[in-house]
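Student: Below are the sequence and a predicted model for it; my questions follow.
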Amino acid sequence: MDMGRFLIEMHLRTGKPIKELARAHDVNPSWLFKLLRRYRLEGPTGLEPRSRRPKSSPTRIADLYEDEIVTLRKELGDAGFDAGAATIHFHLCQRHSHPPSVPTIWRVLRARGFVTPQPKKRPKSSYTRFVADLPNERWQADMTHVPLPNGEVFEVLNIIDDHSRLCVASRVMTVVKAHDVVRVLHKSAETWGYPASFLTDNGLIFTARTRFGVEGVVEQELFALGITAKHSRPYHPQTCGKVERFHQTLKKFVAAQKGIETKKQLQRAIDRFVTYYNDVRPHRGVDRRTPRSVYEARAKAEPTAPLITINDRRLRLDRVDPAGSVTLRHQGRLHHIGIGRAYAGWKVAMLIEGLDIEVVGLDGSPLRRLVLDPSKNYQRQP
């Protein structure tokens, strides 16, 4: 999320002082004042990120030694000698009193395509740490199995705030279903508010797209609420790493408890753990602070306004097939609704109230309105 744009818009909308916003969100107030000045001069475009690259760099190694390095590389290589960065450095030392370092020479050779990096192991600098900038900007959700000493296994649905690591919900169920995810989402929102996005893996309780090619119950509910549904890459649990790591911490706690034999006892134990985890335990991932203190330190992100008004109508998300139609099941019978080949591949929403159907694009653009004829399998375009 663009922190500068978010804070400037909050200042303009609420009138909160710049210095107060900067202090609460750990940013430099002079940066916000500079953005505010740009906004007043240029409008919203003044908040776009700008390059910090200098217009010129007189001491840049490429301007002084790059051509000479390349020439030496070719001469030594053509002569059958070693032409590595260390050898080139040796020759440059004979010519110059302050030649570039071996790593600098290697970077020049790599930039010019003479060498291909082949590290023996992945360097730590290559790892990118993804953290949401604001509370409620992204929630991570996943289900895990928790066994009891008596051999019984329950499923636990965990939801974590990506920014603060706050445990939003941890609910024990015999079997977690898609409708349970929706129910827990609404219940959690009563305390914490709705998130701007919802990140999960590709489990069937979260998405039906991989198996059936259409959005499932959870995705449709998120769409109706204006929440962005996100899914990790298949077989890549690192994307949901925060909630995956929470699973391990939770299971370690449960395994140390004695006398847990029923679902209710397990839920009570997990409730105690969540209270301790959120309010007492310092979390290494957030600079040894408690998740609640981090969550409450900044303003909360919110869902975007839904582009489509649902009201009391039933929502179904679908994709227009190559023939230009979408499908709808009514009283056990599958019906095809013609939209037009020009819209093949489009994701659409069908708003259904009895036999009255409205088909719109996900951007809210109307595509077709009709009254379903149950006697016909294909509903032709007028």
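Tutor: Good, I have the coordinates.
Student: so where's the stretch 151-300 of the chain shaky on pLDDT?
Tutor: Scanning the stretch 151-300 of the chain for pLDDT under 70 picks out the ranges 212-214.
Student: where do the strands sit along this protein?
Tutor: 139-147, 153-161, 167-173, 197-200, 228-231, 314-319, 325-330, 333-338, 347-353, 356-361, 366-371, 378-379 (DSSP state E).
Student: Now residue 260: closest residue in space, sequence neighbours ignored.
Tutor: Leaving out its chain neighbours, the residue that sits closest to residue 260 by CB to CB, 6 or more residues apart in numbering is residue 266, at 5.3 Å. Quick note: C-beta positions are derived from backbone N, CA and C, even for glycine.
Student: Likewise for residue 341?
Tutor: Once flanking residues are discounted, residue 341 sits nearest to residue 324: 3.8 Å by CB to CB, 6+ apart.
Student: quick one: contacts for that neighbour?
Tutor: Counting by CB atoms under 8 Å, 6 or more residues apart in numbering, residue 324 touches 338-344.
Student: Out of the residues you listed, who's the most crowded?
Tutor: Neighbour counts for these (other CB atoms under 10 Å) peak at residue 339, which has 23 neighbours.
Student: ok, it - contacts?
Tutor: 320, 324-326, 346, 348, 359, 367-368, 381.
Student: buried subset of the residues you listed?
Tutor: Neighbour counting by 16 or more other CB atoms under 10 Å classes 320, 324-326, 346, 348, 359, 367-368 among the contacts of residue 339 as buried.
Student: Using TSV, lay out these together with pLDDT and distance to residue 54.
Tutor: Compiled in TSV, those are given as follows (pLDDT from 0 to 100; distance: CB to CB, whole Å):
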residue	pLDDT	distance to residue 54
320	92	49
324	93	53
325	93	56
326	92	54
346	90	45
348	90	48
359	93	53
367	93	50
368	93	55
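Student: closest to residue 35 among those residues?
Tutor: Nearest to residue 35 out of those is residue 346 (CB to CB; 37.1 Å).
Student: what about the closest one, distance to residue 273?
Tutor: 46 Å (CB to CB, to the nearest Å).
Student: Equivalent analysis for residue 362, please.
Tutor: Residue 362 sits 39 Å away from residue 273, going by CB to CB.
Student: What ranges does the stretch 1-150 of the chain have for its helices?
Tutor: Using DSSP state H, counting those that start in this stretch, the helices of the stretch 1-150 of the chain run over 3-14, 18-24, 29-42, 61-64, 66-78, 85-95, 102-111.
Student: what does the stretch 151-300 of the chain give?
Tutor: 178-192, 209-212, 217-225, 241-256, 263-279, 291-296.
Student: Dump the second one to PDB, keeping only the CA atoms.
Tutor: Once non-C-alpha atoms are left out, helix 209-212 reads as follows in PDB (Å, rounded to 0.1, in the frame of the first residue of the first chain):
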ATOM      1  CA  ARG A 209     -11.700 -22.000  -9.100                       C
ATOM      2  CA  THR A 210      -9.000 -24.700  -9.300                       C
ATOM      3  CA  ARG A 211     -11.400 -27.600  -9.300                       C
ATOM      4  CA  PHE A 212     -14.600 -26.200 -10.800                       C
END
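Student: For that helix, give me every contacting residue.
Tutor: With contacts defined as CB under 8 Å, 6+ apart, helix 209-212 is touched by 202, 204, 215-216, 219, 234.
Student: which among those end up buried?
Tutor: 202, 215-216, 219.
Student: closest to residue 23 among these?
Tutor: Using CB to CB, residue 219 comes nearest to residue 23 of the buried ones among the contacts of helix 209-212, at 38.4 Å.
Student: Relative to residue 65, how far out is that closest one?
Tutor: Distance, residue 219 to residue 65, using CB to CB: 56 Å.
Student: try residue 14
Tutor: Taking CB to CB as the measure, residue 14 falls 54 Å from residue 65.
Student: Counting neighbours, go ahead and name the busier of these two.
Tutor: Counted by other CB under 10 Å, residue 14 and residue 65 do not tie: residue 65 has more neighbours, with 20 against 9.
Student: low pLDDT regions in the stretch 1-150 of the chain?
Tutor: Across the stretch 1-150 of the chain, the ranges flagged by pLDDT under 70 are 1, 58-63, 79-82, 119-127.
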